[in-house]
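Trainee: For reference, the sequence and a predicted model appear below.
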Amino acid sequence: MSSENRPSDQKARPETIEIVQRNWQAEVETAQTYRDLAERERDEKRKGVLLRMAEAEERHAQRWEKKLRDLGAEPPIYKETVARRFNRWWNKIAGAEIAIRRMEVTEERQEAQFHDQAQRALAGEQDVQQFLRQSALEEKAHARALSAMAPPAGPRTALDKILKRERWHGRGGSWVADAIYGAND
């Protein structure tokens, strides 16, 4: 009996489809974020890096789309939700450095998810095992590239960026006092 016809595989198929759909969605969203960041980037070298990362994420999405079709499912339609619009708005107002740090965390999370999926949820899907390993390595490389693109993050760096946008908080005193007043607002 082939692996596609085993009863346990038929039972797992909806779960597999759901995981692959989530992977597709994450790749599409990540690619869109990189394209948004590249559009606003002034430095040509950084812009090129962001565009190459967007292209890599789009290739990943295409691979997940193929897997969905192989499973007999159509890929979901990308919809602009309130959460996605908020995320895009936040990346825009927070600035490129904070958005890049957020993407670094996203890439690290996706890397961990791909490793986990290779061991658990998609362990029986032999055709995606190599792709999961390769994707995890690419996500790790993206996280490293993003880390190199942004200055070291720290509480003061983030607060200074926020407070620069809200100069009317100037009451004298330290940046900590400004942060407290800003939080109270």
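Mentor: Perfect, I can see it now.

Trainee: okay, how far is it across stretch 37-45, tip to tip?
Mentor: Stretch 37-45 has an end-to-end distance of 13 Å (CA to CA, to the nearest Å).

Trainee: List the buried residues for that stretch?
Mentor: Neighbour counts over stretch 37-45 (16 or more other CB atoms under 10 Å) mark 37-38, 41 as buried. (Each C-beta comes from the backbone N, C-alpha and C, glycine too.)

Trainee: Same list, those, but as CSV with secondary structure and distance to residue 65 please.
Mentor: Below are these laid out as CSV (DSSP: H, G, I helix; E, B strand; the rest coil; distance: CB to CB, whole Å):
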residue, secondary structure, distance to residue 65
37, helix, 23
38, helix, 22
41, coil, 28
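
Trainee: Now do the same for residue 85: helix, strand or coil?
Mentor: helix (DSSP: H, G, I helix; E, B strand; the rest coil).

Trainee: so which of the buried residues of stretch 37-45 comes closest to residue 97?
Mentor: Using CB to CB, residue 37 is the member of the buried residues of stretch 37-45 that sits closest to residue 97, with 10.5 Å.

Trainee: Closest one to residue 69 out of the buried residues of stretch 37-45, please.
Mentor: Of the buried residues of stretch 37-45, the one sitting nearest to residue 69 (CB to CB) turns out to be residue 38, at 29.0 Å.

Trainee: Please look at that closest one and residue 50 and confirm they touch.
Mentor: Yes: if you go by CB atoms under 8 Å, residue 38 and residue 50 touch, sitting 3.9 Å apart.

Trainee: Now residue 114: closest residue in space that isn't a chain neighbour?
Mentor: In space, and not counting its chain neighbours, residue 114 is closest to residue 136: 4.0 Å by CB to CB, 6 or more residues apart in numbering.

Trainee: how close does that neighbour sit to residue 38?
Mentor: Going from residue 136 to residue 38 by CB to CB, to the nearest Å gives 23 Å.

Trainee: Quick one: the strands in the chain, in order.
Mentor: Counting by DSSP state E, the chain has no strands to list.

Trainee: wait, doesn't residue 37 sit right on residue 96?
Mentor: Yes: Residue 37 is within contact range of residue 96, at 6.2 Å (criterion: CB under 8 Å).

Trainee: For this protein, give me the ranges with low pLDDT.
Mentor: Where the chain drops to pLDDT under 70, the residues are 1-12, 151-185.

Trainee: all helices in the protein, in order from the N-terminus.
Mentor: Remark: helices assigned in the chain by DSSP state H are 7-40, 44-70, 82-94, 96-119, 126-149, 155-165, 175-184.

Trainee: JSON lines please, covering the ones you listed and showing distance to residue 76.
Mentor: Output for the helices of the chain, formatted as JSON lines (distance: least, CB to CB, whole Å):
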{"stretch": "helix 7-40", "distance to residue 76": "5"}
{"stretch": "helix 44-70", "distance to residue 76": "8"}
{"stretch": "helix 82-94", "distance to residue 76": "13"}
{"stretch": "helix 96-119", "distance to residue 76": "17"}
{"stretch": "helix 126-149", "distance to residue 76": "18"}
{"stretch": "helix 155-165", "distance to residue 76": "34"}
{"stretch": "helix 175-184", "distance to residue 76": "38"}
